[in-house]
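In: Fold the following for me, if possible:
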Amino acid sequence: MKNIPLTIKETQEGLRQKKFSAVELTEFYLNQIKKYNKEFNIFLTITEEKAYAKAKELDKYGKFDEPLSGVAVSFKDIFLTKGVRTTAGSKILENYVPAYSATSVKRVEDAGAIPLGKLNCDAFAHGASGENSDFGPTLNPWNKEYVPGGSSSGSAASVSSNMSLVSLGSDTGGSTRQPANFCNLVGLKPTYGAIPRYGVISMSSSLDTVGTLAHTVDDIEIMFDVLRGEDKLDGTVKDFDKPKIKSKFRLGIAKEYFINGLDKEVEKMIEEVKKTYQSVGIDVIELSLPHTKYMVPVYYIIQPAEVSSNLGRFDGIRYGNNRNSFGSEAKRRIMLGSYVLSAGYYDAYYDKAMRVRSKIIQDFDKAFELVDAIISPVSPTPPFKLGANTSDPLKMYLEDVFTTTSNLVGIPGLALPSTFSKTCLPIGFQLLGPRFSEHQLFELGKIYHKAIDYKPKVAI
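Out: Have a look, this model is predicted:
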């Protein structure tokens, strides 16, 4: 196939106009996987038979009238998929085959998508680079000497390498937005409670969300509307109507985001984003989020505490291999979490972190009385080289300084491609909005991309 479509709209128009069939489209993606997967280590399991079966079904009826009809989709390997191996990137679950599928998987497949397979990720979603998978690191399709971001490394790499059109990831502290940022994609972390998490292997239950990655904001919006809403299986989820979109926006930038360690290229990019929004008549003001400096410390107390609890089920008896199969990062988080929850340290660490978390939430509540959304970096640096931070866990944790915010507060974050670094690697930013303001963020994302005449690009 020539001129492979890079959006859902182009895909479905091509199918309806018979420029190509669903089988031909599926064949392209599967050939792309076979050609490049060994080199970049993106897919852990390929569901070729399921993909062709769905494509043949779509071609037989020829309607392509569901929201995702004919759309090639891939899943981070923490989503349970009935009858298909699900590893969570860990050798503990190397041969685990679940008996049911996650709600989000069912909703995507019921909407007509073609499922291509399961993607590499940091084991149990512990990581910011894609280097913590027990099956080896995922490489960045833009330059395989660099990381693609984590933990949804395979999700971003699959879309940016044209191995799938859209992908499902997860976001507990930036795990969708940072890979999107490092791979020139749009990535959404939704409001906590917008999309059911039933059937997604838990990392940190008060922080976990189902994320999506695609080339355009329009495609992310389509995916979000397919996925959102109650399923009666996740008690944290609520239904909500699409809000009326404002005609006039005001954006904010927190002065605390311009910290020591913020790369000059990232700082310059944020300044250009500000000017772009101002050029189309949107006010951008400076505001303060005074508890910003506590984001990472609070996150790395609460998250490991919840990790240590959630990973307790992997005991080698009920299912999975024994605990000797845990990788070093999983062990580190289990030990840290067990420590802060222990009788002698609960009040000093976990309880105090939860109280500071409340203060952080109050900061954002006050900020959203002044602005409709906040412009923020996604990562303090452009993509970094493989191995650059693996010997220093603290340095790796600091990559989450801008992304943990929305998970701690429970608000949506939309990562948007912006420009490229001096090393020809993607740099982007994110918009943070009030709870359930996803459609407002989509509108702001579209305004920005229209202003810079953004065109989707693939790496290979």
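
In: Please, where are all the strands along the stretch 301-450 of the chain?
Out: For the stretch 301-450 of the chain, the strands defined by DSSP state E, counting those that start in this stretch cover 373-377, 413-420, 426-432.

In: of all these, which lies closest to Ala123?
Out: Between Ala123 and these, the shortest gap by Cβ to Cβ is with strand 413-420, which sits at 22.9 Å. C-beta: built from backbone N, CA, C; applies to glycine.

In: show me where the stretch 251-400 of the chain has helices.
Out: For the stretch 251-400 of the chain, applying DSSP state H, counting those that start in this stretch gives helices covering 264-279, 295-310, 328-341, 352-367, 393-397.

In: and the first one with strand 373-377, angle?
Out: Computed with axes from the mean of the first three to the mean of the last three Cα atoms, to 10 degrees, the direction of helix 264-279 lies at 150 degrees from that of strand 373-377.

In: Which SSE is immediately downstream of the longest helix belonging to the chain?
Out: Scanning the chain for the helix with the most residues, using DSSP state H, yields helix 22-40. Counting by DSSP states H and E, the next helix or strand C-terminal to helix 22-40 is strand 43-46.

In: one step back: out of the strands of the stretch 301-450 of the chain, nearest to Arg85?
Out: Proximity to Arg85 (Cβ to Cβ) singles out strand 413-420 among the strands of the stretch 301-450 of the chain, at 29.0 Å.

In: average pLDDT across the closest one?
Out: Averaging pLDDT along strand 413-420 yields 98.

In: related to what we said a few turns ago, indicate which one of the strands of the stretch 301-450 of the chain is closest to Ala111.
Out: That would be strand 413-420 among the strands of the stretch 301-450 of the chain, by Cβ to Cβ, at 21.0 Å.

In: Counting neighbours, which bits of that closest one end up buried?
Out: 413-418, 420 (16 or more other Cβ atoms under 10 Å).

In: likewise stretch 32-44?
Out: 32-33, 36-37, 40-44.

In: neighbouring contacts of the helix or strand bottoming out on mean pLDDT in the chain?
Out: Counting by mean pLDDT, DSSP states H and E, the chain has its least confident helix or strand at helix 393-397, which shows a mean of 85. Helix 393-397 has contacts (Cβ atoms under 8 Å, 6 or more residues apart in numbering) with 127-129, 296, 300, 329, 332, 389-390.

In: ok, now which ones touch the spatially most central residue of the chain?
Out: Most central in the chain under Cα atoms, centre = their mean is Thr176, positioned 1.5 Å from the mean C-alpha point. By Cβ under 8 Å, 6+ apart, the contact set of Thr176 is 152, 155, 169-170, 187-189, 211-213, 415.

In: Distance-wise, check it relative to Thr209.
Out: To Thr209, Thr176 is 8 Å away according to Cβ to Cβ, to the nearest Å.

In: re the thing from before, please identify the deepest-packed of the helices of the stretch 251-400 of the chain.
Out: Most buried of the helices of the stretch 251-400 of the chain, by mean neighbour count (mean count of other Cβ atoms under 10 Å): helix 295-310, with a mean of 22.

In: now that one and helix 352-367, what's the angle there?
Out: Going by the same axes, to 10 degrees, helix 295-310 makes 130 degrees with helix 352-367.

In: export stretch 39-56 as PDB, just CAs?
Out: Provided in PDB are the C-alpha atoms of stretch 39-56 (Å, rounded to 0.1, in the frame of the first residue of the first chain):
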ATOM      1  CA  GLU A  39      14.800  -4.300  15.500                       C
ATOM      2  CA  PHE A  40      12.700  -2.100  17.800                       C
ATOM      3  CA  ASN A  41      11.200  -4.600  20.200                       C
ATOM      4  CA  ILE A  42       7.700  -3.200  20.200                       C
ATOM      5  CA  PHE A  43       5.200  -6.100  20.000                       C
ATOM      6  CA  LEU A  44       5.400  -9.000  22.500                       C
ATOM      7  CA  THR A  45       2.400 -10.900  21.000                       C
ATOM      8  CA  ILE A  46       1.000 -10.500  17.500                       C
ATOM      9  CA  THR A  47      -2.700 -11.500  17.000                       C
ATOM     10  CA  GLU A  48      -2.500 -12.100  13.300                       C
ATOM     11  CA  GLU A  49      -5.400 -14.500  13.100                       C
ATOM     12  CA  LYS A  50      -7.700 -12.200  15.000                       C
ATOM     13  CA  ALA A  51      -6.700  -9.200  12.900                       C
ATOM     14  CA  TYR A  52      -7.400 -10.900   9.600                       C
ATOM     15  CA  ALA A  53     -10.700 -12.400  10.900                       C
ATOM     16  CA  LYS A  54     -11.900  -8.900  11.900                       C
ATOM     17  CA  ALA A  55     -10.800  -7.400   8.600                       C
ATOM     18  CA  LYS A  56     -12.600 -10.000   6.500                       C
END
